[in-house]
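Novice: Kindly generate the corresponding structure for this input.
(one chain, ligands or ions: 1)
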Amino acid sequence: MLRIDNLSAGYDRLEVLHAVSFSVERDAPTVMLGANGAGKTTLCRVITGLIPARGGGIFLDGADITRLDPSERVKRGVALVPEGRQVFPDMTVRENLRLGAYVHGEPGRAEFDAVFAMFPILAERQHQRAGLLSGGEQQMLALARALMSRPRLLLLDEPSQGLAPKAVALVAETVNRIAATGVAVLLVEQNLILAEAVARHAVVLETGTCVADGPASEMLASGAVEDSYLGKK
Ligand code: ATP
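Specialist: Next up is the predicted model:
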C-alpha cells in the first residue's frame, strides 16, 4: 500500500534519513519505533510532502508520490495526525473538522455524521472551542480531523504523547477501529503499550537508518527493541 524505497531526507546540511526502506500493508498496521531524534517526525514530514525527499521514492498503491505537493497527497489519501496534535484552540471542534476536509471542498452532513458516529464526544462538543477539550479529547479531534480527508493511509506521529494511560487505551481502540475499515496505518511511537495494542508489523529506526523490520509480536516480545533502541535499559 505504502512503499518507502531508499528514502533520504534532511534539513540544510544535516541528513536525517539515510536510505530508509519499508512497506505498510492495509491489513498490517505498522509501528515505527525509534528513540528521540531517530528521524521519525522527519519521516512523517517527507511522506506528507512537508519537506522534500533527497533521494529514493514514496509509492502509494504503486503510484509514485515522491514529488507531489502536500495537498495532492492528501487528495490521494495520505493523512497525518501531527505530533502535538496541533488542533486550532480558538476554533470550534466543528471548524477544526471542517479544515480536515478542505481538499475535497466543503464537507457535507454525511461527512460530519460519519466522524461523529465514531467520536460521540466530539458531536456533543462540536460548538465548543477546541482549546477547551482535554488532551485525550484533543487527540480524538486530531484523529477525526484526519479522517475528514477520507484517507487511505493514516500517519500518526506519537499520538500517545502527554496522554494518561486511559486516554492512550482509547487512542489504541480508535486506531484499531479505523484500521478495521481498510485504512492503512503507520504509527510512529515510543510508547510500547500503544505499539503492542495496534501494530501487526514493526520497523525500528535508529539514527535515520532502518535497523529491524518484522512481525510486531516477535519484535516487541523479544524486549530487544526496548533495550536497544528506546534507551530504557
Ligand atoms: P522525537 O521523538 O524527539 O520527535 P524524532 O525521531 O521524531 O524525535 P526528528 O524530529 O525527525 O526525530 O529529528 C531528527 C533529527 O533532525 C534531529 O537531529 C533533529 O534535531 C533534526 N531536526 C528536526 N527538525 C529539524 C528542523 N526543522 N531543522 C533542522 N533540524 C531538524
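
Novice: Quick check: what element follows the helix or strand where residue 5 lies along the chain?
Specialist: Using DSSP states H and E, residue 5 sits within strand 2-11. With elements assigned by DSSP H and E, the helix or strand that comes after strand 2-11 is strand 14-24.

Novice: For that following strand, name the packing helices and strands.
Specialist: For strand 14-24, the helices and strands in contact under the criterion 3 or more C-beta pairs under 8 Å, 6 or more residues apart in numbering; DSSP states H and E are strand 2-11, strand 30-33, helix 40-48, strand 55-60, strand 184-189, strand 201-206, strand 209-215. Every C-beta, even on glycine, is put in place using the N, C-alpha and C of the backbone.

Novice: if you look at the strand holding residue 5, does any of it touch the ligand?
Specialist: Yes - in terms of C-beta under 6 Å from any ligand atom, part of strand 2-11 sits within range of the ligand, namely residue 11.

Novice: Pull up the pairing partners for that strand, direction included.
Specialist: Here strand 2-11 has these sheet partners by DSSP bridges: strand 14-24 (antiparallel), strand 55-60 (antiparallel).

Novice: Return the distance of the last one from the chain's centre.
Specialist: Strand 55-60 has its average C-alpha position 17 Å from the chain's average C-alpha position, going by C-alpha atoms, centre = their mean, to the nearest Å.

Novice: Only C-alpha atoms, please: export it in PDB.
Specialist: C-alpha atoms of strand 55-60 as PDB (Å, rounded to 0.1, in the frame of the first residue of the first chain):
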ATOM      1  CA  GLY A  55      16.800  10.500  -2.700                       C
ATOM      2  CA  GLY A  56      14.600   7.400  -3.100                       C
ATOM      3  CA  GLY A  57      10.900   7.200  -3.500                       C
ATOM      4  CA  ILE A  58       7.500   7.100  -1.900                       C
ATOM      5  CA  PHE A  59       4.800   4.900  -3.500                       C
ATOM      6  CA  LEU A  60       1.100   4.800  -2.700                       C
END
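
Novice: picking that back up, out of the strands paired with strand 2-11, which is closest to residue 140?
Specialist: Shortest separation from residue 140 across the strands paired with strand 2-11 is recorded for strand 14-24, at 22.7 Å, computed as C-beta to C-beta.

Novice: What lies in contact with the closest one?
Specialist: The list of residues contacting strand 14-24 from outside it, by C-beta atoms under 8 Å, 6 or more residues apart in numbering, reads 1-10, 30, 32, 39, 42-43, 46, 54-56, 153, 184-186, 201, 203, 205, 208-210, 213.

Novice: Give the ranges of residues in this protein that sit below the confidence cut-off.
Specialist: 223-224, 226-233 (pLDDT under 70).

Novice: No further questions, thank you.
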